[in-house]
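[1] Sequence plus the predicted model coming up.
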Amino acid sequence: MSEARTPAQIEADIVRRREQLAVTLDEIGIRMHPKTIVGDAKAKVVSSVDQTAGRAFAAVQRCVGDVKARLTHEDGSPRLERVVPVALAVVGVVGLIAFSGRKGKG
């Protein structure tokens with residue numbers, strides 16, 4: 001059988017539930033406040049950009065490491081048989097760009 005509650009117990013229970021409801025409503029109000037929503041959105045964007053930038057940096061570091069490994073010996077000295085053709089190709093491309101730029105002006 002159920003125990004009968006006194007009016008004081010019922011009243012205390014109502015007060016406790018009102019306090020819990022007030023706390024819950026305050027939390028909802030904070031979560032739904034425009035500044036909170038904007039702040040959360042900004043944090044997500046910053047996190048996403050940081051992750052993307054980190055991945056891009058790691059990829060660039062790997063590429064630079066690969067190129068360096070192909071153009072240098074293990075002791076760090078340049079492999080001239082690979083560096084010279086690359087340098088000539090770069091000079092040729094720069095020369096073509098410069099020549100085509102001058103040709104268009106005159």
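    That came in fine, so what should we check first?

[2] so where's this protein uncertain?
    1-2, 103-106 (pLDDT under 70).

[3] now the helices: where do they sit in it?
    Assigned by DSSP state H, the chain shows helices spanning 7-32, 34-71, 80-105.

[4] list the contacts for residue 6?
    With contact set as Cβ atoms under 8 Å, 6 or more residues apart in numbering, residue 6 has no partners. Yep, even glycine has a C-beta here, placed from its N, CA and C like the rest.

[5] same check, this time on residue 50
    No contacts exist for residue 50 under Cβ under 8 Å, 6+ apart.

[6] any idea how far residue 44 is from it?
    Per Cβ to Cβ, to the nearest Å, residue 50 is found 11 Å from residue 44.

[7] and what of residue 24?
    Distance from residue 24 to residue 44, by Cβ to Cβ: 25 Å.

[8] what do you get for residue 31?
    15 Å.

[9] Repeat that for residue 22.
    Following Cβ to Cβ, the distance that separates residue 22 from residue 44 is 30 Å.

[10] Kindly report the same for residue 58.
    21 Å.

[11] same thing with residue 61?
    Counting by Cβ to Cβ, the gap from residue 61 to residue 44 is 26 Å.

[12] just residue 14 next, same as before
    For residue 14, the distance to residue 44 - Cβ to Cβ - is 40 Å.

[13] Would you confirm that residue 71 contacts residue 84?
    No. Counting by Cβ atoms under 8 Å, residue 71 does not reach residue 84; the two are 10.3 Å apart.

[14] Now for these two: what residues contact both?
    Common neighbours of residue 71 and residue 84 (Cβ under 8 Å, 6+ apart) do not exist.

[15] Who has more neighbours out of the two?
    residue 71 (14 against 11; other Cβ atoms under 10 Å).

[16] show me the contacts for that one.
    78, 79, 82, 83, 86.
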